[in-house]
Every structure is written in structure tokens, then in C-alpha cells.
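> need a structure here:
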Amino acid sequence: MRSAAAPAGNPVVYAPYMFSLMLRNLATYGFQIADHNARGNPPAPGGYTAPGCVLASPSWSVGGFSYPGNVAPIAEDYAFNWTRDAAVTLSAVLSQAPGQVPAAGASELLASYVAFASSCQGSGGGIGQAKYTPEGARTGAADESDGPALRILTILQGFAGLDPAAQAAANGVIATDLNYLLAGDRYQQPTVTHWEDTFGQSLFARSVQLRALNQLIATGPGLGIPVPATAQHAATWLAQQLPSHWSGAPANLYVSVLQASRLAGDPAAPYDPSVDPILACSYGEGLPATDPRVLSTAAQVRAQWAPGGTDEYPINAADAAAGRGPLIGRYLGDQYDGLSLTSNTGHPWVVCTCAFAQLYYKLAAAIDGGAPVPSDPLARTFLTQAGVNATTAPPQVSSALRSAGDGMLAAIIYHSNRFELSEQFDQNTGFERSVSNLTWSYAAFLSAAAAR
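Numbers count the residues shown, from 1 in each chain. Okay, the predicted model is just below:
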């Protein structure tokens, strides 16, 4: 069922409701979630989540049996705590305090998150493994080095609000994650990407690692968090590597993964243009919204799926007629549809669309704050897509950029299932597909709303 259209120009009024929906996937001491991860056919009853667990989604599929709330058939089991998803979710919770949740309540949730993270770190296996069971046990998942960096950032965000015991625990989690990044110069090593289908030098991972290290260097000592001297060397090295992802004319885009290889089961894909540099702008450092190279990349990402694009999503044409959209996907050649890794085509994602809207909002805020309207030719197409030309005055530029972001969030609201957000929308019908109630989808919407 599609939701009612958002009020014109103000789709973020739904942020408080999205926040309440997101909270359903956060386990606390008073709110446990049944764990259906026990294997079997049919699955045997499992246990319950530990406090601080953040389910990526309650949707699961095992041996032909699946969670009955799925919006469409799925082949994946998302009822785990992904390190990355949990970090961005708790960051969104902290950002909502004290407006939507009391500051003390946000700190209590963060304390539970820290305790759960500590349990995960002590469960055995690599610190960088992508996911853990809802009880905090290891899974043997692949190493994804963006997760520990994002966890450091989230804990730093709310560290000052923790009580002394929770701060001591948080200090231990940060120290373990920092050692993971620095030991053996792991930050220099390739990793499985955040989409879990490619291995290589990830622009997204590098950008969030850079931000985590720089924030630790800047704030750690004042919070009583030891920061080794090697952290500065690592941050300098990462900052020097980001420009290596830029591919100049004729491509004029950031390459998302250098030395890339696809994982087993995932078909070869061109990959770029990809939304990854836009996600790096949202969550990382070194690729600001004012960077013409980011805007050149983003313009190509939007163009390929917008009406008339080389890989146009048909639903975007219908939405454009109603003043919404466009919806944004992951990367060129994506074939994951929630059921198969090798479908004929991919689909737009809530996370990707929200990140793109956030780029519009961040650039608008920068211009309102005194930054010049980007005049580099690399930025021209991006601005034109938002209805900006060389004669548009700065106040009208920021207004046009916000309207462009609002159109994307309005499409998400319209295609949501009574405002519940799945992972993807079907590119033909606009209806939700893949797993239901993806926690990162809500967190991405809240992040965009905060940027607006």
C-alpha cells in the first residue's frame, strides 16, 4: 500500500514517525526480539536478542521458510547485527536527542550498544567481521573495515553523555577498534565493501576510516581516550589516497573500488558510476559536498536512472510527472533484487536515495553558510539537474537544491508501505521489495532530514 503524499516542500515532517519505526529493531533490557536464526527446516525456535543489539532487519529466509512480514520473496537472512548498520542507527538515535528522545534515554541506548559491541569483540574471530548473531556471537562473516571505523564515530558522538562505567567500557571498545585499524597497517589493506559483493580498496571505507581517525585525534585526549601517534600517520596516508580514486576526463568520476574483484556468486559489473562516493560524503571525510568532483560523480549517478537515462528506472518517469523523485540505485550493473544475485536488473534503494538527498541538503547548507556556488565546469550538470543555471542567485540556488532533495524524500514516502521502509523499491511498479523494515533505511532518512 502506498502512503499519502508528503506535504509539498516538507517531507521531513515524517522523520519523528520514521524514528519510532526504526526503534522497533533496537533491543534493550526491556525490549527483546525473538531470534529466528536457529537453523533447521523448519527453523527451530531460537533465543532472544541481547540488549544493545540492532537488527539489520527482522526479515529472514532459511531453508524455504521466511519471516511472514516480508514485502516480497527474499533469499537472504538479515536478522543479524551488522556492525556498520548498527553504528549508523545509533548515530541517528543520538542525533534525535533531545527532540525525539531524552538525552538520558539516548545515552542509555548507547551504553547498551557499547556493552553489546564489547561482547561481539570478545566473541572470537576477526574484529572486522561484518555481522554478529542477535545474542552477540561471532558468525565468521567476511572482514569489512568500514564497520569498526563507523562504530568509533558513533561512540565518540555520545561519549560525553555516558556515565563513568559506560565510558570505561566505551574506551575499551574504541581501543580495540583502533588497534584493528592500525595493527599491521590494516587501514592500507583491501576489504570487502559495504555492499558485500566486491573486494578491493574501497573509497567509502577509506573515507570513514579517515573521519574516525581525525575525530579521535581531535577529541580523544580531551575525553580521556588514549590515541597512539601512529593514528596521525594513518590519517595522513588515507587523506593522500582519496585523490587516487579520481578518474579525470573523459570519465570525470570517483572510482568507488580500486583493484576491485567481485566475490563468488556476484556477476561482473561495470560498478561506476556508483553511489559510493555520495555515501562517503554522508558518513566519511575528504569528499565534501562542495567538491566539484563529487558533484560530477553524483550527476552521472542520477542521470543513469532518471527519465531518459541509459538505465532508466521506469518508476522514475511516473514519479517525475507527479513532481517526485528520482529514486537512486547502488551502481551500474547491479543485479541484486533481494531474491537473486543475478537478476536481469537492480532496483532503487532507500539508503541510496536518502544519501543523494542529503548531498543536496549539505551543499545548500554550505552555500547558505557563505560557501560560493560551485562554478567549476565539473559541477555544471549537477546544478542543472536541480534547476540551477549561471544566473541563479545563491539564495535561490540553495532553495533549488533543497527542493531537489525534497523530491527524492517525497518519492520514498509515497512508495513506502504505510511509511515502513524496505531495502529496495521495484523499478517498474515502485512497490517495496527485498527485506522489510531495513533499519539502515530509517537511519538514512533521519540523516537526510537532519541535514535539511
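
> Strands along the stretch 151-300 of the chain, start to end?
Secondary structure of the stretch 151-300 of the chain (DSSP state E, counting those that start in this stretch): strands located at 191-192, 198-202, 246-247, 253-254, 257-262, 271-274.

> likewise the stretch 351-452 of the chain?
Under DSSP E, counting those that start in this stretch, the stretch 351-452 of the chain gives strands at 424-425, 432-433.

> how about the helices in the stretch 151-300 of the chain?
Assigned by DSSP state H, counting those that start in this stretch, the helices in the stretch 151-300 of the chain fall at 164-182, 203-219, 230-241, 276-283, 292-305.

> Looking at the ones you listed, which is nearest to residue 256?
Minimum separation from residue 256 across these (Cβ to Cβ) falls at helix 276-283, 3.7 Å. No exception for glycine: its C-beta is placed from N, CA and C like everyone else's.

> Can I get the strands of the stretch 351-452 of the chain in CSV including mean neighbour count and distance to residue 367?
As requested, the strands of the stretch 351-452 of the chain are arranged in CSV below (neighbours: other Cβ atoms under 10 Å; distance: least, Cβ to Cβ, whole Å):
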stretch, mean neighbour count, distance to residue 367
strand 424-425, 28, 30
strand 432-433, 26, 34
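
> one step back: tell me the most buried of the helices of the stretch 151-300 of the chain?
With neighbours taken as mean count of other Cβ atoms under 10 Å, those reach their highest mean count in helix 276-283, at a mean of 28.

> Give me the distance between residue 289 and residue 255.
Applying Cβ to Cβ, to the nearest Å, the value for residue 289 to residue 255 is 19 Å.

> Looking at the two now, which is surrounded by more residues?
residue 289 (24 against 21; other Cβ atoms under 10 Å).

> residues touching that one, list them.
By Cβ atoms under 8 Å, 6 or more residues apart in numbering, residue 289 lies in contact with 281, 295, 359, 362-363, 366.

> Could you do residue 380 as well?
By Cβ under 8 Å, 6+ apart, the contact list for residue 380 is empty.

> And it, how far from residue 298?
Between residue 380 and residue 298 the distance is 12 Å, computed by Cβ to Cβ.

> Can you pull the phi and psi angles for residue 132?
phi -130, psi 160 (degrees, to the nearest 10).

> I figured residue 430 was touching residue 322, is that so?
No: contact criterion Cβ atoms under 8 Å: residue 430 and residue 322 do not qualify, at 10.9 Å.

> list residues touching both of the two?
Counting by Cβ under 8 Å, 6+ apart, the contacts common to residue 430 and residue 322 are residue 414.

> Those two: who's more crowded?
Taking neighbours as other Cβ under 10 Å, residue 430 and residue 322 compare with residue 430 leading, 23 against 12.

> quick one: buried residues of the longest helix anywhere in the chain?
For the chain, the longest helix by residue count, based on DSSP state H, is helix 394-415. Residues of helix 394-415 classed as buried by neighbour count (16 or more other Cβ atoms under 10 Å): 397-415.

> just stretch 343-351 next, same as before
Neighbour counts over stretch 343-351 (16+ other Cβ under 10 Å) mark 346-351 as buried.
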